[in-house]
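> after the sequence you'll find the predicted model.
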Amino acid sequence: MARIRPRLEAFAAGMLGGLARSDQRAKGELYVRGLLLDGKRKSMQPM
């Protein structure tokens, strides 16, 4: 994950840049990163 983190952050910034609140952008990036990780459950709470 560390290897692709800069690309992921750039992607998330472009995708989530239209959101008005910074907390929404931060949670959105966390959610996208969680989707890419291993694991069966892909809802926000376990991520």
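Good, I have the coordinates. Residues are numbered from 1 along each chain as shown.
> I'd like the distance between the residue minimising distance to the centre of the chain and Met1.
Nearest to the mean C-alpha position of the chain, counting by CA atoms, centre = their mean, stands Glu29 at 2.3 Å. As judged by CB to CB, to the nearest Å, Glu29 and Met1 stand 13 Å apart. The C-beta positions use only the backbone N, C-alpha and C, and glycine is treated the same way.
> can you check Leu16 too?
Distance, Leu16 to Met1, by CB to CB: 18 Å.
> I'd say Leu8 and Leu35 touch.
No: with contact defined as CB atoms under 8 Å, Leu8 does not reach Leu35; the gap is 10.5 Å.
> the two: who's more crowded?
Ranked by neighbour count (other CB atoms under 10 Å), Leu8 and Leu35 place Leu8 first, with 15 against 10.
> can you count the residues close to the residue nearest to that one when sequence neighbours are not counted?
The shortest distance from Leu8 to any non-neighbouring residue, by CB to CB, 6 or more residues apart in numbering, is to Arg33 (6.2 Å). Arg33 has 16 neighbours, counted by other CB under 10 Å.
> list the buried ones in the host helix or strand of Arg33?
Using DSSP states H and E, Arg33 sits within helix 22-36. By 16 or more other CB atoms under 10 Å, the buried positions in helix 22-36 come out as Arg25, Gly28, Glu29, Val32, Arg33.
> what residues does it touch?
Outside helix 22-36, the residues that touch it by CB atoms under 8 Å, 6 or more residues apart in numbering are 1, 8-9, 11-13, 15-17, 19, 42, 44, 47.
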